[in-house]
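In: Sequence and predicted structure, then a few things I'm wondering about:
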Amino acid sequence: MEDTLYATYQRRAAVIKALAHPSRLLIVDELSRGERCVCELTERIGSDISTVSKHLSVLKKAGIVLDDRRGVQVFYRLRCPCVLRFFDCIEAVIEEKERAIA
């Protein structure tokens, strides 16, 4: 495989890998409804703030979210809301698999 093609697949895998955790999927889902501060996400997920911050760091590094510091609070939002279409695709795969099993 040529180097540029392999690099493309590596970048894609990095984004998918960043989404591959239930808490991070919940964060993306919450951010689909609008900007949230870390404290809101911590409450929603039910984890401590350092764990949620680590998840947000993974999502930010992958380019999925953006942050905005306002005083002592940090707010997050989706960088590219089209990631939500990926959720639709995942649901279609799950439904198709369940139909095949039934």
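Out: Received the coordinates, thanks. Residues are numbered from 1 along each chain as shown.
In: okay, CA-based contacts and neighbour counts for the rest of this
Out: Fine.
In: Buried residues, the helix or strand where Leu59 lies. List them.
Out: Leu59 is part of helix 49-61 when elements are defined by DSSP states H and E. By 16 or more other Cα atoms under 10 Å, the buried positions in helix 49-61 come out as Ile49, Val52, Ser53, His55, Leu56, Ser57, Val58, Leu59, Lys60.
In: Reformat those residues as CSV; add distance to Val93.
Out: Converted to CSV, these look like this (distance: Cα to Cα, whole Å):
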residue, distance to Val93
Ile49, 33
Val52, 28
Ser53, 30
His55, 25
Leu56, 26
Ser57, 28
Val58, 25
Leu59, 23
Lys60, 26
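In: Go through those and name the one nearest Asp88.
Out: Closest approach to Asp88 among the buried residues of helix 49-61 (Cα to Cα): Leu59, at 19.0 Å.
In: From Ala102, how far off is that closest one?
Out: Separation of Leu59 from Ala102 (Cα to Cα, to the nearest Å): 35 Å.
In: next one: Arg36
Out: Separation of Arg36 from Ala102 (Cα to Cα) stands at 39 Å.
In: So if I had to pick from the two, which one is more boxed in?
Out: For Arg36 versus Ala102, the count of surrounding residues by other Cα atoms under 10 Å is larger for Arg36: 18 against 5.
In: burial count for the nearest residue to Cys37 once chain neighbours are set aside?
Out: In space, Cys37 comes closest to Phe75 once its chain neighbours are excluded; the distance is 4.1 Å by Cα to Cα, 6 or more residues apart in numbering. Residue neighbour count, defined by other Cα under 10 Å, stands at 16 for Phe75.
In: Was I right to think Phe75 contacts Val38?
Out: Yes: between Phe75 and Val38 there is a contact at 6.3 Å, judged by Cα atoms under 8 Å.
In: What is the helix holding Leu59 packed up against?
Out: Helix 49-61 sits against helix 3-19, helix 22-31, helix 38-45, strand 65-70, with contacts defined as 3 or more Cα pairs under 8 Å, 6 or more residues apart in numbering; DSSP states H and E.
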